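**Q** Sequence and predicted structure below; questions after.
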Amino acid sequence: MSDSRVAANLLENASIQPAAGALRFRQRLQSRGLPPALIEDTVKTYREQVDASAVAQRLAQALFARGKDAAFVERHLWRKGFSTQEIRAAVRALDDTCIDNGQPEG
């Protein structure tokens, strides 16, 4: 299979059900030994197609619902390849819910 087809298949799969940030996606492409120019183009397209902030918020909310604290959520999102800005936004979105007991503030 050609490099461009490999990149296109990885992009399609990652775009259908995104669960990682652009940094993690870039690592997947690099691990396949793809040329740097193709990696850059594919990551750019990934960023255009995937709202990474929304994905990070969805993952953060799911982890919080399972009883994980903000520090765990941050570490998990970091390992998933989200940017610092995306992680901060996702954790900030959790501020609507009290981190200590999971009850709405008010």
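**A** Arrived safely.
**Q** okay, residue 26: pLDDT?
**A** Note for residue 26: predicted pLDDT of 96.
**Q** do residue 74 as well
**A** 96.
**Q** try residue 19
**A** At residue 19, pLDDT is 89.
**Q** How is it assigned, secondary-structure-wise?
**A** coil (DSSP: H, G, I helix; E, B strand; the rest coil).
**Q** Thought residue 80 was touching it, still the case?
**A** Yes - between residue 19 and residue 80 there is a contact under Cβ atoms under 8 Å: 7.0 Å. Any C-beta I mention is one placed from the backbone N, CA and C, and that applies to glycine too.
**Q** Now the common contact residues for the two.
**A** Common neighbours of residue 19 and residue 80, counting by Cβ atoms under 8 Å, 6 or more residues apart in numbering, are residue 59.
**Q** neighbour count winner among these two?
**A** The neighbour comparison of residue 19 against residue 80 (other Cβ atoms under 10 Å) goes to residue 80, with 19 against 12.
**Q** pLDDT below threshold where in the protein?
**A** 96-106 (pLDDT under 70).
**Q** Helices of that one, start to end?
**A** 3-16, 22-31, 36-49, 52-65, 70-79, 84-93 (DSSP state H).
**Q** now those helices as a markdown table including mean neighbour count?
**A** Converted to a markdown table, the helices of the chain look like this (neighbours: other Cβ atoms under 10 Å):
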| stretch | mean neighbour count |
| --- | --- |
| helix 3-16 | 14 |
| helix 22-31 | 16 |
| helix 36-49 | 14 |
| helix 52-65 | 18 |
| helix 70-79 | 16 |
| helix 84-93 | 17 |
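**Q** Report the backbone C-alpha coordinates of stretch 23-32 in CSV.
**A** Only the C-alpha atoms of stretch 23-32 are listed here, as CSV (Å, rounded to 0.1, in the frame of the first residue of the first chain):
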residue,chain,number,x,y,z
LEU,A,23,0.0,15.1,18.8
ARG,A,24,-1.0,11.5,19.2
PHE,A,25,-2.3,11.3,15.7
ARG,A,26,1.1,12.6,14.5
GLN,A,27,2.9,9.9,16.5
ARG,A,28,0.8,7.2,14.8
LEU,A,29,1.7,8.5,11.4
GLN,A,30,5.4,8.7,12.3
SER,A,31,5.4,5.2,13.7
ARG,A,32,4.3,4.1,10.2
